Every structure is written in C-alpha cells, then in structure tokens.
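K.L.:
Got a predicted structure here, sequence first:
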Amino acid sequence: MAPQRVQVAVVGLGALGSAALWRLAARGIDVVGFEQFGIGHALGSSHGQTRLFREACLEHPGLAPMAAESRSLFRRLEEASGRDLLKITGGYMVGSADSDVVAGTARAADDHGLPYERLDREALTGRLPHFADLAPDARGLFDPGCGVIHPEATVTAAVTEAARLGAAVHADTRVESLDAGPAGVRLTAGGHDYLAETVIIAAGAWLPPFVPDVDLVPIRTPLHWFAPAAPAGESGGSPGFDAGDFPVVVHQVDPETVLWGHGSVDGGLVKLGIGDIWGERPPRIDPDTLDRGVDSAAWRRLSALVERVLPGLDAVPARVEPCMITLSPDDQFVIGPTAASPRVLVAGGDSGHAFKHCLAIGEILARDVAGERQPYALDFVRPSRFGV
C-alpha cells in the first residue's frame, strides 16, 4: 500500500511540538502530529502544573524577542481555547548586584527596553520577608513581566486548536522509523506509512538520536512542592505563600546555586527547584528507562536550602515527581534544519527554560516550513552553529 502523503509531520506533541502543530495548522498547512503517549501527559518534559515565564531572559540577549512573541501567542491561544494559560504575577530576581541573576536580568531588560525596579537589601526584605540568611550585599530586581504558565493546559489547548483547524492528531502512537530521502521523509507510526515533505522532530528527551552530531544530554530533574510550616497569621506562622505574596522568585544564593520558584496559584503548595544549568550537571539518562521513583536523595540538597533560606516552609517536600529536560552544549535551543537533510527540522535542547518560549518556537518552525522571514536573529539557536 502506498504511504499516506502529508505536507508536514510533527513527531512529539509536548511543549514545542504542540505549538508547531498549532502554528502550522493556523496557516492551512496539511500537518499530522504523532505523540507516543497521551496529549498533555506527565512522562516527559512538559508537565508539572506550572512553569515560570520571564521576558527579560538573562540566559541570552536574543531570547527576549522570542519571549515577547510567546507572550502574545499565549494570549491568542487563551482567546481561541477559552482557557487561562499564563498568569502574570511579577517576579523578584535576588542576589548580589553583580550576580548572573540580578545583573543578567537588568542587562536583558535594558537591551530591550523592558521595565524593572531595583531594590536594596532593606526594600527587598520588606517585599519578601519570607527569606532568611540574605547576604549583606543582597540586592533585588522586581520584574513586572514575570508570571506562571500552566503547561498541561497549554499543550492540550494547542493540540485541540490545531485539530479544530484541520491537523490530524495521533496520540499513543510512537514513530517507529524515519528516513529522509530526495522524495520526502518516510516514516512509520502505529503500523502505518507516511511520506512527508517535511518532518519536525520535537521529541524532548527522545531527541538526541535524531541529532547525533550535537551532544544533547537528557537529565532527570525532579519537581518539588512544599507546604507552609504553619498557616500565615498564626502564632509562629509565616508570611503568606500564595502567588500574590510570594510571586515568581529567582534567587542566586551563591555562584553555583540558584533557587527558583513561586507561591501557590491555586491555594495549594509552593513550587521550588534548583537551577539545572548552574554548577555541576546531573548525569545523562535514558528516557525509556527513567527511574520514576523518588526518595530523600532526590530532595536532600533542596531541602537543606529551603530550611536555611525559607524557614516558613516545611523543609521536607509535600510532593515530588520526576521530570526530564534536555541540555545542549551551550545551554541554548537547537531549532531548525540540520545538515543531514533540509527536510528534517529539530526542536529541543535547553528545555530547562523552554516552556516560556514554546509558542514562539512553534511559530519559528512554522515560518521555516512556510519559507517566511524570521523577524529576529536566530543564529544562536540554529543547529548550524555546531557545524551540523
């Protein structure tokens, strides 16, 4: 039987793949998407109830325009889906004045004309009395554009909207083979054969085999939630830990340790973590054999940090669940065609800060496929920077 012909196939419908599917379908492009698990699943890199949003991105000066476009697309997807996906809370960057977090955020904001407010130590402790053991030289920067994204809802909304616009969606369908040739890209999925003009591979931690010439490293990075040690206002209690009192916070405790998190957005728990791109990296993992169990080893370092700097929280997490992210050699995304075949585009790498950019990355990929001009510089995320 002849393979089914399609313009574009998207492999992986997590953060980046679902966004690409939506943006391609919005252009009227014949697109089919494959997801090896269910839509909005918790087995990869695009779950955990919330993810941070920042527009003044300290990780690279080229990320701010991408984040701005993503913010606009979040609002469009909210309007299309009728769902709340991005909540702007504002956020505090904390550290010494010359720290990566404070100085880097200020530099990104200045470069792109984004507003912010500088805070000395006294003002910072007045705004965030939750923190203890602040260094004498601690300073703060308030970024009003920070917020919290709902990842599962975003993925589901993007796929649903793509399907409404005509995309074919195959959940619980793993791509078994993929071969790019002069006539197109042949792939087999769910026992059926397809011939696509272009394939976008957005497979998260399963991406590395498709880009063997780039050292993409999937790592295990558990997600942690904490409960207040005592309700706010009670004797011995703590300041409130809802997102209104404790919004997005990124605290560079020392040169190798960055604590990130936010207060409860739904009356529940406080989400915290330690940055994975700071200091020594965890070991490479195989996503198909990921240890999905949790024990005290998974939270020991974070618990010690919480006990020291956020004494109003119970230092033992109330909830822990495994997650994976995939890092590139220079901690930036890998987006676009590789030298192996211009018909095969990839999207992934540095998923430690991908979700805030996901909808813009979907739009970038759709522009690539449609041959449209990109409105901002992308050399720093193209696979070609690695010579591939």
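P.N.:
That came through fine.

K.L.:
Give the burial count for R186, as a bare number.
P.N.:
Other residues near R186 number 16, with proximity taken as other C-beta atoms under 10 Å. In this view, the C-beta of every residue, glycine as well, is placed from N, C-alpha and C.

K.L.:
that's a strand at it, yeah?
P.N.:
Yes - under DSSP: H, G, I helix; E, B strand; the rest coil, R186 sits within a strand.

K.L.:
List the residues that contact it.
P.N.:
The contact partners of R186, by C-beta atoms under 8 Å, 6 or more residues apart in numbering, come to P3, S177, L178, D179, A180, D193, Y194, L195.

K.L.:
Check which helix or strand V102 maps to.
P.N.:
In this assignment (DSSP states H and E), V102 forms part of helix 100-112.

K.L.:
how about stretch 338-348: buried residues?
P.N.:
Under the neighbour-count criterion of 16 or more other C-beta atoms under 10 Å, stretch 338-348 has T338, R343, V344, L345, V346, A347, G348 buried.

K.L.:
so which of these comes closest to P255?
P.N.:
Relative to P255, the closest of these is G348; by C-beta to C-beta it sits at 27.8 Å.

K.L.:
so what's that closest one closest to, chain neighbours aside?
P.N.:
Counting by C-beta to C-beta, 6 or more residues apart in numbering, L207 is the residue found nearest to G348 once chain neighbours are left out, at 4.2 Å.

K.L.:
May I have the top strand by length along the chain as PDB, with CA atoms only?
P.N.:
Across the chain, the longest stretch assigned as strand under DSSP state E is strand 192-201. Output of strand 192-201 as PDB, limited to C-alpha atoms (Å, rounded to 0.1, in the frame of the first residue of the first chain):
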ATOM      1  CA  HIS A 192       1.000   3.000   9.000                       C
ATOM      2  CA  ASP A 193       3.400   4.500   6.500                       C
ATOM      3  CA  TYR A 194       3.600   8.200   5.700                       C
ATOM      4  CA  LEU A 195       5.600  10.300   3.200                       C
ATOM      5  CA  ALA A 196       6.000  13.900   4.400                       C
ATOM      6  CA  GLU A 197       7.600  16.800   2.500                       C
ATOM      7  CA  THR A 198       9.000  18.000   5.900                       C
ATOM      8  CA  VAL A 199       9.300  16.500   9.400                       C
ATOM      9  CA  ILE A 200       9.700  18.400  12.600                       C
ATOM     10  CA  ILE A 201      11.100  16.300  15.400                       C
END
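
K.L.:
Any chance you could list what contacts the next helix or strand after that strand?
P.N.:
For strand 192-201, the succeeding helix or strand toward the C-terminus, using DSSP H and E, is strand 217-220. With contact meaning C-beta under 8 Å, 6+ apart, strand 217-220 is reached by 204-205, 208, 276, 281-287, 290-291, 322-328.

K.L.:
Please name the nearest non-neighbouring residue to A9.
P.N.:
The shortest distance from A9 to any non-neighbouring residue, by C-beta to C-beta, 6+ apart, is to A196 (4.1 Å).

K.L.:
Of the contacts of strand 217-220, select the buried ones using a ChimeraX command.
P.N.:
The buried subset of the contacts of strand 217-220, as determined by 16+ other C-beta under 10 Å, is captured in ChimeraX by this line:
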select :204,205,208,276,285,287,290,322,323,324,325,326,327,328
